[in-house]
Each structure stands twice: as structure tokens, then as C-alpha cells.
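Peer 1: Below is the sequence, then the predicted model.
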Amino acid sequence: MSTINIKEPSVVIREKRLGTINAFTGTASEIVSRSAKGELKDCKRKFSQCLGCNQQQAFCQLAMIRDAVVINHAPIGCAGEFADFNFTYRVEQSRRQLPPALGRYYSTNIAEKDTVFGAAKKLEETIRLAYEREHPNAIFITTSCASGIIGEDIEAVADAATEELGIPVVTCNCEGFRSKIWTTGFDAAYHSVLRGIVQPSEEKSNKINIINFWGSHVFDDVIRRFGYEPRYVIPFSTVEELRHISDAVATIHICPSLSTYMGAGLSQLHGVPEVLVPPAYGVAGTDRWLRALGTILGKEDVAEEIIKEGHEKYVPEIDKLKERFKGKKAYVTAGAAHGQALITLLSELGMDVVGAAVFHHDPVYDSGDDKLDILGQAVKNYKDVPDYRVCNKQACELVNALNRIKPDLILARHGGMTLWGAKFGIPSLLIGDEQFGIGYRGALNYARRIDDTLDSIEFIKNYSKHASNPYTKWWFEQDPGYFQGDGSGRGCQTAGNGGF
Amino acid sequence: MACAIEQPRFTCALGSCQSVVAIKKGVPILHSGPGCGVQVERIIGQGEGYAGGSTMPCTNAEEADVVFGGEKKLRNVIENSFKVIDGDLYVVITGCTAAITGDDVAAVVGEFQEDDKPIVYVEEGGFKSNNYVSHSRLVKAIIDQYVDKFNEDREVTNGLVNVFANIPYQDPFWNGNLEQLKRILEGIGLKVNILFGNESEGVSEWKSIPQAQFNLFVGAWAGLDIVKHLKRKYGTPYLHFPYTPIGAKETSKFLREVGEFAGLDPAKVEAYVDREEKKFYTHIDKMASFMLEFRYGIPRRFYTLADSSYALGFSKFFLNELGIIPGIQFIVDDIPEKYQQQVLDEFANISDLQRREVQVVFDPDAGLDQKKLVEDAKDYEDKRLLILGSSWDKHIADELHADLLIISVPVQHRLVMNCGYLGYEGGLRAIEDIYDRVLATYR
């Protein structure tokens, strides 16, 4: 178990806290057993392609707090994401019947002279400007490689501004170079909220925290059946709501890669228990999840009722569709826990998950409890995944693996990856909403979408005839894990997963 | 350089990686932090292209590289980029991390250049400038470090022109615009190195840059450095046309200037202009009744939040060809002070018939610009308004019940393939797009 220390301004990075790695080639069962024994070692790559960074993950969690402003203390390029998240923010506003509003994001626009003479003054001015323009209830400051290397005391600027403006001005240290694991950025955002916003609660409420992105509100009915109220955290919360998330009865994870730190933080600092069971993907997975929730809330009978209803309502149609998926080979590419959840879901829908390119791997979560280990349970409950690779979002590894495996379906979760299925003429599906596949209904949702995707092959087949391919013949002759490790061509299969 | 910016509409120096993506089989290699490529793609990307986005090689700097330097890592990534990605030209661009820690990128890339590999480098650092400025440095680096190798004896090819115009990807319509530019310049009899995009032959075209009879720069300022550099380097004269010509009036003016500068036969140029104008005005003639007789409201006043080349080009076009009057022009490209007067002069001469005061605001902090726009619009509640802007402006356009034509990044509310607004055909396309948006609002 890692200790959450909110006295420190910066979160401890994931590779140190959890032993997270971003390179592995082997089977799913192998990574599970090595994780349990603490035998995973990371390795470097001699060739790499563009990754995401901490700051983007931190920003996505902070950018949709409805009455806060985010200041990115960085050169203007690091603000490339502003418009993208503003778009998401506004799409999701209309889904939630909220009035239209713009995301309020500022760049301090660090220039060359600021790297010499300091950028702290610029930050102070931007804080004041943002405050005057918006009168927000909190301001978050996300840092960048440039501000990190300049190395000024941003904490002091934030503290002074907090005093001057009378609202929390909180730093979020998420420099791109700080961690090789981009999901450390989620932790950085949660760390800021835990240390700068959340207050201790004297009384418990009837609320259950759901730590999520901005997915659909699929938990409403279920949580209310148990007699509680759902509270989706962080996007679309207000600062005032975030102050009180410590009063919850429990915390639910939809994706522990996202929420491990927040779950553990609320548990360690405020005594909010985590629902420690893999998220509710697939029929059997949903059964297990509901029973675990029922146990925590002391309402096992309600859980059994919901399970019975869910089976009656959804399982017959799921079973019908399952017939059509028999013998189909599926490949998954996604961030860690969500990828593992998709493996669970596809296995349960009767597909043969032949491979996965997952972006990183957390051998353990902050709770220290292995009950949240999605992959471990998937391997136990279904088949092993023979080609499980931790690819660090390296498109070349995915492309190479797909070229060998030639699956019937690709399920992806990030842009830039799904494309490659189509280029090979393989039906590919990207679902943005993590909550789309949750519960019995979610299993049916996925089954239907997969059925549609497998059916709609005309475009894919036509496009693949004309698609460009920048990869060389040489590359396709190497092992997909060639660059993991010492570049010997052995990938990470030998030498204890890594030559470095 | 500006202070704080709300609603950015350009990116940092690393944005020039998209200019590499715009060259056929060009491969950018970022020596930067892990998220930089994604950030650039997010605001100006619109699709990966050949080797952009997730395909783009990057050293993904981590803490150790910042402390101990990242030269070894860079060497590995370059060496393997040649093996993994099939490219004609590789360009190393450095980010903030490498710039501050001071990696000797010249030395590392130099090793490969000595082996005659098609590779160049640009030492950037995101904080060094925005991408309007860094685009020129990129093009100059390709010319100095690569193109120049093939040109010991410069022989001028008569009638050959190198075209430098709006910045690829920063101008969402760059590809369509370049297609149009090439079409009309060939129309008056020139041979055109268009250099970027579909209509370019790729790197082989770049190699003939020193042979051009002259260089043409179409735009307000961002890129002017390139043609000045080529004048110093090869003595090639250049013509600067200071905005994007849209529609018949401006395009004809543009072609006549080019024709004269190039010493083309005026009769041939006039014949082409005449043919194109006839086509153009046949369409205008056909739709004049709509513009004059449509009873339910079409835009009468427009605001622009865009770069100087588009703000000027569209203003001239709207005023003279559609009768829509320019409101405040917010120029958001962080145009250096020394170029601002020239833009103001162009606005002052926007009409041939009368003196017009067009209010121009130079400020990349578009959040502030929007507030000024909304304030100004209060005085024009009787008019239907048009905003030329980006996806950032959807919100105020909705609030003001104004029509919005997105012509600037970030572009999230329309999809751009080969659409271009430059030239005769571009002008017609602009008219279609504006009134398509206007008419679609009716029940």
C-alpha cells in the first residue's frame, strides 16, 4: 500500500509508488504472476514515438470543474489541448442538460526570456487576470517541462494568491518529463484536489463517489436502488461539491488506472472505503461487482434483486449475439485497466482474445489490495491472452503485432491506434465513453456495437486497399517487441523482461 | 511576445513538425518531452498524415535526460527512425527540455548528415517562438542543410517559381489553397514548386528551389523570412503579395502582379484572368438575386478572429464581392509590431470608392478579443452578424445568434478535406459555405 501524503506539493510518481512499467512482452498470465511476485522490471526503448504526457492527464481531470479556472504555466504549445477539452466539456454539457459554457483556460505563454529571467511574475499576473475575468471559485496551476526546469517556487506564488484572492489557488505538478507513466498526471490532479480543495467531513452523507472521466451516468439507477445518491467526480463537479467528497459512504472505480490515487487518498485521509472489485464489465463481472457493493453497503438482498432483473432483461439477447461471435479473434489496445476490462468483456461475449497492446502496467494499486486486479481475474475466469504486450502507446509495436496476428476485430480506446486496424482491413471499434460497457446493459451495448462493426466491412476493406503505410519492410520482419530492451531483437521475452 | 493567452489559436515552435508532415514522405523526429507531438496535433493536426501524430518518432524526454542530457537517446531514435519509417526527408526538431539542457543536436544530426542521410535539424524549444515564426526556421533549415547540397552550380530555370504561402495545418485550408495557387499560377504560364501538400512532387521539388526564377510569398508576414533568406543565399528575387487573395477581384490583381514581376506576356495573363473572371461572375450573376432579394435576413456585418493574411483577404472579398461590411478585425497571430503598419495600410485601402475606417485589434489573447466583440455587437442588434473565427467562437456566435464560418484553428465543428478559399474557385466555395450556414438556420 502506498501512503498518500498531501503535505508534499507533488505526487510521488507512479513508477516509484506502484512499480509501474511500460514495456512487456509475454502472456497475460505471466504478467499477472510476475506482478504478484514483484518480479516486473521496466526496460527502455531504442526507438520511440510520441506519447501523451502527465500534463494532459492532469488537465483532463481539472478542466471540467464547472467553476474553476486552469492556468497552464507553460509555453503556448502545451495549451494545444485546451480546445480539445473545451469541445468535450461542451458536448457533455448538453448531454447533462447544463447551460452552455466555455472552458476557462489560460496559458502563461512562457517565452525564451522567461526561461532566463524567470516566469513567476507572469504567473502572478495571469492568476490576477483570470480572477478578474472569471471570478472562479478555485484556480489550478498545471506545470510544464519549461516551468519545471526553470525551477521557480510556484508553490509560493500559489500560496500568496490564495491569500490575496480568498479562493484556493492550487498547484498541480505534472511536468511531462517527471514521469514516464502519463497516468501519473491523473494522480497529480487528484493530489491537488485532495490537498487544496477537499475538507474533512464531520458527518457522512448518503453519497457514493464515482471517480470517472465524463462518461454517461449509468450508475444512477443502481446506486439509488441501494438507497444512496451517486456523485460523479471530478469532471462536472463544482468546487463546493469537491470540498465534500470526503463525506461519501464509498468510492467506486470505473477504471483503477484512473482513480487508484483518489480512491486510496479518500480512504486513508477521510475513511471513505473503496469498492475493491474489478469494474462491472460483462455479465459475470457485473454479478460480482453488485455483490461486492451489496456487502459494503450491508444490502446483499438488493444486489441479488438487481442481478436477477438484469439477467432476465439483458442476458437472453446477449446470448443470441454471442452465438455470432463464436470463434472470432479479437485484439485489444487501450490504457491499462480499461484494456483489461475490455479483455474481460470480449471474453465473456465469447470471443477469443488473442492479443492486447496495453499502454502501461500497474503491478499493484494504491490500496495495496489485489481484489482490484482486473487482469488477474480475467485470466482466472476466462482464457489466457497469449500475446499480451505493454506497448507504451508505441504505434509501431501495435502495427507489427496486428500484421502477424490478423485478428477479426480490434477494440481500441485511443486515437492514432484504431486507425491501424482499418489500414489492415480489420474491423475496428473505438468507444470513447468508459461507462458505455458497464453493467448488463453495457455488455449488450458492446455486443450490439461489435455486431455492427463486424457487419460493416465494406468501407474497411475498400480503404485498406488505398491506405498509406509509413513502416518499412524491415520493421515488419522484426519482432514487435524488438525495441523493448536492448534492441537485440529478443524483445522482453528473455533476460527477465528487460536488458537495461 | 504576448503575455497570458486565453483560447490559443496557434501553437509553439514545435508546431513546425506539421510542416514536415505536409511534405510528401517527410518524417518529423521530435527531441522533446513526451506530450509535445500530441499537443501540436490536438490544436492544428486534423488527422495524422503520413508520419505525424502517433507515428511521429520522439525521444520522449524523462527526468534522467533533463539531468544528464539526451544525446545518446536522440542518436538511437534517429538511427532507428531510418530503419522503421520509410521517409524521403527526416527533420529533427528540439523541444523545451533539450533546449534548456543544451543537448548538442547539431553534432548528433551532423553524424548522420556526414553519412549523406536526408536529415536536417532545427533547434527550437517550445518557448522560443510560436509556429508562425518557427515555420520559416524549418524551411530555411531544410534549404541550408539539405537542398543546398544539390546546388553547387545554380542554373536558373526561366518561369519556375517557388511558392510560400499560408502555413500548413496552421491554415486549416492549406492543402486546398495550395492546390488553387498552383492551378492559377500554371494558368498564367508559370512552372510551380508548390512544395507542400498533394500537388507537390515532394522532396525532389525542394531540390530545385535554388533554380527558380523568382520566389513568391503570399501572406502578411509569417514566411517572409524565407524568401528574404533565399534572396541573400541564391540572389533569387521575390514578390510579396501581403494577404490571401480570395474571389475574382483580388485574385486577378494577384495574377497581374505576379505576371508583371515574372515578365510574362501580359496578353496571355489577361486572357487567363478574363476566362476565370467570366466563370466566376457568371455564378455571382446567378446568385445576385438571392443576395439582394432574400427576405429573411442574411449577414450584413462581420467580425474576424483570425490571422492577418485571412483577415485581410476575407475583408476585401466580403466588402467588394458580397457587400458585407467589416466590423472589428481581431488579428490573433501575434504579428510582430514591425509588420502591423503594413496590415493597417492594406485595411485603409480596402475600398476603391471611399475611405473606410476598419477597426483592427492586434491581440492573440482571444478571450479578451471575444469580450470586446460581444460588447461591440450590442450596437448592432438590428443586423445579422457573421463571425469568421475558430471553434472557440461557437459559444459567442450562439449567444449573439450570429453565423459562424470557421476559418481558423482550432477546427472542431467542420471537416476539411480539399476545401480552399484562395483564388477564384475558393471565393465561390466561401460564398457557398457562408450561405449554407445562413440558410441552414431557417426552419
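Peer 2: Cool, the structure landed.
Peer 1: okay, CA-based contacts and neighbour counts for the rest of this
Peer 2: Fine.
Peer 1: sec struct for B:Gly159, please.
Peer 2: When classified by DSSP: H, G, I helix; E, B strand; the rest coil, B:Gly159 comes out as strand.
Peer 1: Give me the spatial nearest neighbour of it, chain neighbours excluded.
Peer 2: B:Leu190 (5.1 Å; CA to CA, 6 or more residues apart in numbering or on different chains).
Peer 1: Can you read off the pLDDT for the one you found?
Peer 2: What the model reports as pLDDT for B:Leu190 is 98.
Peer 1: so it touches B:Leu160, yeah?
Peer 2: Yes: here B:Leu190 reaches B:Leu160: they are 6.1 Å apart, a contact under CA atoms under 8 Å.
Peer 1: Quick one: mean pLDDT for the lengthiest helix in chain B?
Peer 2: For chain B, the helix with the greatest residue count under DSSP state H is helix B:266-293. For helix B:266-293, the mean pLDDT works out to 95.
Peer 1: Quick check: what element follows that helix along the chain?
Peer 2: Per DSSP states H and E, the first helix or strand lying C-terminal to helix B:266-293 is strand B:301-306.
Peer 1: What would that next one look like as CSV? C-alpha coordinates only.
Peer 2: The C-alpha coordinates for strand B:301-306 follow below in CSV (Å, rounded to 0.1, in the frame of the first residue of the first chain):
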residue,chain,number,x,y,z
ARG,B,301,-21.7,42.9,-40.8
PHE,B,302,-18.8,40.6,-40.0
TYR,B,303,-16.1,40.2,-37.3
THR,B,304,-12.9,38.3,-37.8
LEU,B,305,-10.8,36.4,-35.3
ALA,B,306,-8.0,35.1,-37.4
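Peer 1: Work out the sheet partners of that strand and label each with its direction, please.
Peer 2: strand B:325-331 (parallel), strand B:385-389 (parallel) (DSSP bridges).
Peer 1: For the stretch 201-350 of chain A, just list every one of the strands.
Peer 2: A:207-211, A:229-233, A:250-253, A:329-334 (DSSP state E, counting those that start in this stretch).
Peer 1: before we move on, back to that, looking at the strands paired with strand B:301-306, spot the one closest to A:Tyr105.
Peer 2: Among the strands paired with strand B:301-306, strand B:385-389 comes nearest to A:Tyr105, with 18.2 Å by CA to CA.
Peer 1: can I have the closest one written out in PDB, keeping just the CAs?
Peer 2: Written as PDB, here are the backbone C-alpha positions of strand B:385-389 (Å, rounded to 0.1, in the frame of the first residue of the first chain):
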ATOM      1  CA  LEU B 385     -23.800  39.200 -37.800                       C
ATOM      2  CA  LEU B 386     -21.200  36.900 -39.200                       C
ATOM      3  CA  ILE B 387     -18.200  35.800 -37.300                       C
ATOM      4  CA  LEU B 388     -15.100  34.400 -39.100                       C
ATOM      5  CA  GLY B 389     -13.300  32.500 -36.400                       C
END
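Peer 1: Contacts for it next, please.
Peer 2: B:299-306, B:393, B:397, B:401-408 (CA atoms under 8 Å, 6 or more residues apart in numbering or on different chains).
Peer 1: residues in contact with residue 78?
Peer 2: Using chain A. A:Asn72, A:Ser144, B:Thr11, B:Cys12, B:Cys36, B:Gln39.
Peer 1: nope, chain B please
Peer 2: A:Phe47, B:Ile29.
Peer 1: Next: the one 10 residues further on.
Peer 2: Contacts here follow CA under 8 Å, 6+ apart; on that basis B:Asp88 touches B:Lys24, B:Lys25, B:Gly26, B:Val27, B:Pro118, B:Val203.
Peer 1: Same list, those residues, but as TSV with secondary structure, neighbour count and pLDDT please.
Peer 2: Formatted as TSV, the contacts of B:Asp88 follow (DSSP: H, G, I helix; E, B strand; the rest coil; neighbours: other CA atoms under 10 Å in any protein chain shown; pLDDT from 0 to 100):
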residue	secondary structure	neighbour count	pLDDT
B:Lys24	coil	23	97
B:Lys25	coil	20	97
B:Gly26	strand	27	98
B:Val27	strand	31	98
B:Pro118	coil	18	98
B:Val203	helix	19	97
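Peer 1: give me the element B:Leu30 is part of.
Peer 2: Going by DSSP H and E, B:Leu30 is in strand B:26-31.
Peer 1: which residues sit against the helix or strand following that strand?
Peer 2: Where DSSP H and E defines the elements, the next helix or strand beyond strand B:26-31 is helix B:36-40. Outside helix B:36-40, the residues that touch it by CA under 8 Å, 6+ apart are A:50-53, A:77-81, B:11-12, B:14-15, B:18, B:30, B:53-54, B:56, B:58, B:95.
Peer 1: Just want the angle from the helix or strand where B:Lys83 lies to strand B:26-31.
Peer 2: Of the helices and strands defined by DSSP H and E, B:Lys83 is found in helix B:71-84. Counting by axes from the mean of the first three to the mean of the last three CA atoms, to 10 degrees, helix B:71-84 lies at 160 degrees to strand B:26-31.
Peer 1: Just list what whichever helix or strand comes after helix B:71-84 packs against, helices and strands only.
Peer 2: Heading C-terminal from helix B:71-84, the first helix or strand you meet, by DSSP H and E, is strand B:89-94. Using 3 or more CA pairs under 8 Å, 6 or more residues apart in numbering or on different chains; DSSP states H and E, the elements in contact with strand B:89-94 are strand B:26-31, strand B:119-122.
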